[in-house]
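Enquirer: Could you look at this predicted model? Sequence included:
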Amino acid sequence: MTMTMARAARLAIAIALAAALPLAACTKAPEKAAAPVAPAPLALKTTLLEVMRASVEIPADGIWAAQSAEKLEDADWLLVEQDALDLANGATLMTLPATGKDDAMRQANADYAGWAADIQKTALELRDAAKAKDVMKLGAAADHITETCQACHDKYRPQVPSDGVARYPFYPARERKK
């Protein structure tokens, strides 16, 4: 039985493939790299009252002081921008599970969540007003912050509606050096 050259080549290829198949079955396909797992966010280790005093009232106090100022200099506008960002971040902290006795009850209510979201949104409007040095927008947004804070305090802290809306009963004044 004579084989043609073409037939011999096909037979050689078939034998080579047959020999390679068991090897292919033994090798693992390359594994896809696992997607990196993001670390869990940090837990809030304070009460809502502490968040309010340190991260909401202080920047709100700065915004209200700027609102009532006769004239704002460039440095004052930068402080308004900083206070607006601090207030926006404070609003985020208001939504994280806190450690106070009634905090979970408050945070579970839709009105509370709505007020926190409204404070964040308005704080970002304050930031934009500060960047534009727009006194009218600053005033309107600061008034809206007052209304939102008061509505929440009326429901959740009627016995002490605003703590005086100033940092000074809790923390000393921080004066800017010139």
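Expert: All right, it came through fine.
Enquirer: Pull out the buried residues from the host helix or strand of Asp154.
Expert: Applying DSSP states H and E as the criterion places Asp154 in helix 135-156. For helix 135-156, burial by neighbour count (16 or more other C-beta atoms under 10 Å) applies to 138, 140-142, 144-146, 148-149, 152-153, 156. C-beta: built from backbone N, CA, C; applies to glycine.
Enquirer: Out of the residues you listed, which is nearest to Leu126?
Expert: Ala141 (4.6 Å; C-beta to C-beta).
Enquirer: who's in contact with that closest one?
Expert: Contacts for Ala141 (C-beta atoms under 8 Å, 6 or more residues apart in numbering) come out as 63, 122-123, 125-126, 129.
Enquirer: State the distance from the residue most central in space within the chain to Lys32.
Expert: For the chain, the residue nearest the mean C-alpha position is Thr92 (5.5 Å; C-alpha atoms, centre = their mean). Counting by C-beta to C-beta, to the nearest Å, the gap from Thr92 to Lys32 is 34 Å.
Enquirer: May I have the phi/psi pair for the residue nearest to the centre of the chain?
Expert: phi -60, psi -40 (degrees, to the nearest 10).
Enquirer: For Ser68, see how far away Lys133 is.
Expert: 16 Å.
Enquirer: moving C-terminal of the worst-scoring helix or strand of the chain on mean pLDDT, what's the next helix or strand?
Expert: One helix or strand of the chain scores below all others by mean pLDDT, DSSP states H and E: helix 5-26, with a mean of 61. Once the chain leaves helix 5-26, the next helix or strand it forms, by DSSP H and E, is helix 48-51.
Enquirer: so how far is that following helix off the chain centroid?
Expert: Distance of helix 48-51 from the chain centroid (C-alpha atoms, centre = their mean, to the nearest Å) equals 17 Å.
Enquirer: Tell me the confidence at Ala34?
Expert: Predicted confidence (pLDDT) for Ala34: 79.
Enquirer: Next up, the contacts around it.
Expert: Here Ala34 is in contact with no residues (criterion: C-beta under 8 Å, 6+ apart).
Enquirer: Give me the phi and psi angles of it.
Expert: phi -70, psi 140.
Enquirer: Please name the nearest non-neighbouring residue to Val80.
Expert: Take Val80 and drop its neighbours on the chain: the residue closest to it by C-beta to C-beta, 6 or more residues apart in numbering is Ala130, 4.0 Å away.
Enquirer: Other residues contacting whichever strand or helix holds the one you found?
Expert: Element membership for Ala130 (DSSP H and E) is helix 110-132. Contact partners of helix 110-132, identified using C-beta under 8 Å, 6+ apart, comprise 56, 59, 63, 77-78, 80-81, 83-85, 87-88, 90-92, 94-95, 106-107, 137-138, 141-142, 144-145, 148-149, 151-152, 155-156.
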